[in-house]
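Peer 1: pasting the structure only:
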């Protein structure tokens, strides 16, 4: 990584709200897949990842309320306490929005270093809520998913920016 | 935030305000869910929205299973068939014996004037997915209120008990497995008839018997079946097998580890049993205030 971590900025088309919705639905689907055994420990929380992505890249188009509602859905799907993911995602959305100008300026590697603590923060909120409700600490592998999620960040950024790239001008030589 | 919008534009509350509002709302929901069961309706409404996604997400696995079922080889089928035929013979013999025993039992019960234990209705269901909650052991099954399922029904597979329905949604229900931390099953040692309480540990494939005196007769390999005294699990269903018994005189109770018999963590077909046909009268609730009043009065 060069010392100058600024990347050339590219001009992107505005993102369509329908596209944001589609990615969120896909993330929910990914979370609902029947993960089992060790894959369940490794599988990142895709919804959290997407919430963070949209908060960093399109904070004007992605509201906290959406994050909150997604959290409620995850609570139903997991059969966990009603509101634990909602709380975690809202806090994540706030942190993402707060840092979006800073994170956007960095190239990929420093971006990942921002994403890891933010995802870990989400895990911590859930852990805290469950600990208060009387659950045991499930062990350190609990945090693995966040690191896997952060490792997926470059791929995610590349994929989600595809529809925003302007089409090459056919007349240009 | 760092940019204050000009007053010409309405941007709504600031992010911090929104964060605080939604956080407070979440905390209220959490408390309402953890302490009181006020939000069943809200849960069910959200569940309806989520249902198509849940089915869609589990569809690939179901399709894959069906495809692998289609491409089963002739040899495997023949082998299967032979095994099933052998098993069928064995079961037929047992069934004949059971019929004789049933008659004898009915006769004896009639003599004793005890009411007969009625056969229990059962609903077949399929496990859709295991919940991703690392703090609990739960699975979702594909039948809910519409399928006639109520909370509290015991769930078994072809080997033994896997758990109990704890929440029902319109088309799905949530089953807490016997391995869930804090889930208790009253059991009986098949060999000796001793009763005990089997507790989940939160670990896959590990259960423990609690509060067993050091001298109690429990051995490695003993089978545990439900004792039926809780009014939830009908008596006589296999639950677990003892894998390890440790008697340390430094402790008050023996340390007895068990493993569940049923495929608690496999994707499989399960049966949701009907409510127990005969429940004894519920004893009157212990009322602390009445006791205090009596004390004051006396």
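Peer 2: Okay, I see it. In this text the structure is predicted, and so the values were computed from the model without any measurement.
Peer 1: And the spatially most central residue of chain B, its phi and psi?
Peer 2: In chain B, the residue lying closest to the centroid (C-alpha atoms, centre = their mean) is residue B:163, at 1.9 Å. Per-residue torsions, residue B:163: phi 170, psi -150 (degrees, to the nearest 10).
Peer 1: ok, now which ones touch it?
Peer 2: By C-beta atoms under 8 Å, 6 or more residues apart in numbering or on different chains, the residues touching residue B:163 are B:139, B:154, B:155, B:175, B:176, B:177, B:178, B:180, B:183, B:264. The C-beta positions use only the backbone N, C-alpha and C, and glycine is treated the same way.
Peer 1: Mind listing the residues bridging to the closest residue to chain A within the stretch 151-298 of chain B?
Peer 2: Residue nearest to chain A within the stretch 151-298 of chain B (C-beta to the nearest C-beta): residue B:174, separated by 4.5 Å. For residue B:174, the beta-bridge partners are residue B:140, residue B:167 (DSSP bridges).
Peer 1: correct me, but it touches residue B:133?
Peer 2: No - using C-beta atoms under 8 Å, residue B:174 is not in contact with residue B:133, being 10.4 Å away.
Peer 1: Can you check which residues contact both of these two?
Peer 2: residue A:79.
Peer 1: can I assume residue B:214 is in contact with residue B:249?
Peer 2: Yes - with contact defined as C-beta under 8 Å, residue B:214 reaches residue B:249; the gap is 6.7 Å.
Peer 1: more neighbours, those two?
Peer 2: Each of residue B:214 and residue B:249 had its neighbours counted (other C-beta atoms under 10 Å in any protein chain shown), and the higher figure belongs to residue B:214 (13 against 6).
Peer 1: Now do the contacts for the more buried one.
Peer 2: Residue B:214 neighbours (C-beta under 8 Å, 6+ apart): B:247, B:249, B:251, B:252, B:253, B:254.
Peer 1: change it to 6 Å
Peer 2: B:247, B:254 (C-beta atoms under 6 Å, 6 or more residues apart in numbering or on different chains).
Peer 1: Excluding residues flanking it in the chain, which one is nearest residue A:87?
Peer 2: Once flanking residues are discounted, residue A:87 sits nearest to residue B:26: 3.7 Å by C-beta to C-beta, 6 or more residues apart in numbering or on different chains.
Peer 1: is it true that that neighbour touches residue A:88?
Peer 2: No - counting by C-beta atoms under 6 Å, residue A:88 is not a contact partner of residue B:26; they are 8.6 Å apart.
Peer 1: Can you give me the pLDDT of residue B:266?
Peer 2: Residue B:266 is assigned 66 on the pLDDT scale.
Peer 1: list the contacts for the residue nearest the centre of chain A?
Peer 2: What sits nearest the mean C-alpha location of chain A, by C-alpha atoms, centre = their mean, is residue A:49, with 1.6 Å. Taking C-beta under 6 Å, 6+ apart, we find residue A:49 in contact with residue A:149.
Peer 1: Confirm that it sits in a helix.
Peer 2: Yes - assessed by DSSP: H, G, I helix; E, B strand; the rest coil, residue A:49 belongs to a helix.
Peer 1: quick one on the thing from earlier: would you mind measuring from the residue nearest to the centre of chain B to residue A:81?
Peer 2: 19 Å (C-beta to C-beta, to the nearest Å).
Peer 1: for stretch B:150-163, which positions count as buried?
Peer 2: B:153, B:154, B:155, B:156, B:157, B:160, B:161, B:162, B:163 (16 or more other C-beta atoms under 10 Å in any protein chain shown).
Peer 1: Can you verify my assumption that residue A:46 contacts residue A:29?
Peer 2: No - counting by C-beta under 6 Å, residue A:46 sits too far from residue A:29 to count as a contact (8.5 Å).
Peer 1: Do you have the helices of chain A handy? List them.
Peer 2: A:17-32, A:38-42, A:46-57, A:64-78, A:84-105, A:108-132, A:144-151, A:153-161 (DSSP state H).
Peer 1: elements contacting the longest one?
Peer 2: To tie it back to what came earlier, the one meant is helix A:108-132. Applying 3 or more C-beta pairs under 6 Å, 6 or more residues apart in numbering or on different chains; DSSP states H and E, one finds that helix A:108-132 makes contact with helix A:84-105, helix A:144-151, helix A:153-161.
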